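Student: Sequence and computational prediction follow.
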Amino acid sequence: MENGKTRRKVTLAREVGFCFGVKRAINMTRQSLAERNSVFILGDLVHNKRVTDELEARGLQKVSDIDDKKSGTMIIRAHGLPKAKIQEARARGLEIVDATCPIVLRAQEAAKTLEERGCQVVIIGDRNHAEIKGVLGALERPALVIDSLEELREAKASHKLLRKVGVIFQTTHALELCREIINELVFMCKEVQIINTICRPVQNRQDDALELASKVDLMLVVGSRTSANTVELAALCRHHNPFTMHIQSAEELQIEDFAWAEHVGIASGLSTPEDLVEGVKRKILSYDGPIQMDLRPDPKSYVPAGAAHH
């Protein structure tokens, strides 16, 4: 109690800010920009606008294709690129700085191993995600990408699913989302080989955030709306605590969003700068108004700000 008021409590998840793969990609890109002249990238290095804006301000050029590039250094994004695109860049004589996350590279290798064993490769993940495009591009034959039970059943009904399959996972996927697909898949095929390519630090972060979400009044997940792992983390937290908000920064947080909460938890996506997380924490702690339980929303009709953007 302070001046007769209960002090709001804020608890950060054990790991917030950049993961190892994101830190490595940013450091490699900064070093390239410091040492070389023409440095460019296909797409975004990571899914966070603050990070990509900073790198572009340092001189990183974002391009949609390399058709007009005859020289310079191409950075390969943390999610990886299809093999053909990298070969094309090499054939043009471009320098390559490969900032692909080592865990993503391991997933590509796992997919190739399963293909060499004669399996149809099945990837559980989002076919539009850059990482999955990189994995598909590492294979000689087409793979099947599945992200739901409905998609799996459709693949079986249309005879796209073969009898001998090898399964890998999008590295940032939650094991919870994959489990039910695997449970059904094993009954559909004669032989199923699985290589677990889910990133262990991601799994640890998710487990930790879910534990925190179940203990707090309000759970905040900080990160870009274009970041698949952040969107997924917010959705998982929502299963454990309906009062979960996905925000990109402290600017999106209004006082009435948290004035009713006595204990607030904060987690972050893998490409969220740590100072954005600290900014959210500071904003909450700097408000010393009373805890207004009358502002507590009805959990059944609670739609947090920003949810409409998903």
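Tutor: Done, it's in.

Student: what ranges of the stretch 201-310 of the chain fall below the confidence cut-off?
Tutor: 305-310 (pLDDT under 70).

Student: same thing but at 80, please
Tutor: 300-301, 303-310 (pLDDT under 80).

Student: number of nearby residues for residue 107?
Tutor: 27 (other CB atoms under 10 Å). (Glycine included, C-beta is placed from N, CA and C.)

Student: Using the three-state scheme, assign it.
Tutor: Here residue 107 is helix, with the state taken from DSSP: H, G, I helix; E, B strand; the rest coil.

Student: Which residue is the nearest non-sequential neighbour of it?
Tutor: Nearest residue to residue 107, sequence neighbours excluded (CB to CB, 6 or more residues apart in numbering): residue 197, at 3.9 Å.

Student: got a list of what the one you found touches?
Tutor: 103, 106, 107, 110, 168, 169, 170, 171 (CB atoms under 8 Å, 6 or more residues apart in numbering).

Student: Filter the residues you listed down to just the ones in helices.
Tutor: In helices, judged by DSSP state H, the following of the contacts of residue 197 are found: 103, 106, 107, 110.

Student: quick one: the strands in the stretch 151-300 of the chain?
Tutor: 164-169, 191-194, 218-222, 244-247, 263-268 (DSSP state E, counting those that start in this stretch).

Student: Count the residues that sit near residue 94.
Tutor: For residue 94, the neighbour count with other CB under 10 Å is 18.

Student: out of the strands of the stretch 151-300 of the chain, which comes closest to residue 36?
Tutor: The closest of these to residue 36 is strand 263-268. By CB to CB, the value is 31.0 Å.

Student: Partner strands of the closest one and their direction?
Tutor: strand 9-12 (parallel), strand 218-222 (parallel) (DSSP bridges).

Student: Ranking these by mean neighbour count, which comes first?
Tutor: Burial of the strands paired with strand 263-268 is given as mean neighbour count (mean count of other CB atoms under 10 Å); strand 218-222 ranks first at a mean of 29.

Student: Contacts for it next, please.
Tutor: Residues contacting strand 218-222 (CB under 8 Å, 6+ apart): 16, 209, 212-213, 230, 233-234, 237, 240-241, 243-249, 253, 257-258, 260-261, 263-269, 272, 276-277, 280.

Student: With stretch 120-133 instead?
Tutor: Applying CB under 8 Å, 6+ apart, the set of residues contacting stretch 120-133 from outside is 43, 77, 79-82, 104, 107, 111, 114-115, 135-136, 139, 141, 143-147, 161-162, 164-173, 177-178, 181-182, 185, 228.

Student: Just the buried ones among those residues, please.
Tutor: Buried residues within these, counting neighbours by 16 or more other CB atoms under 10 Å: 77, 79-82, 104, 107, 111, 114-115, 135-136, 139, 143-147, 161, 165-173, 177-178, 181-182, 185, 228.
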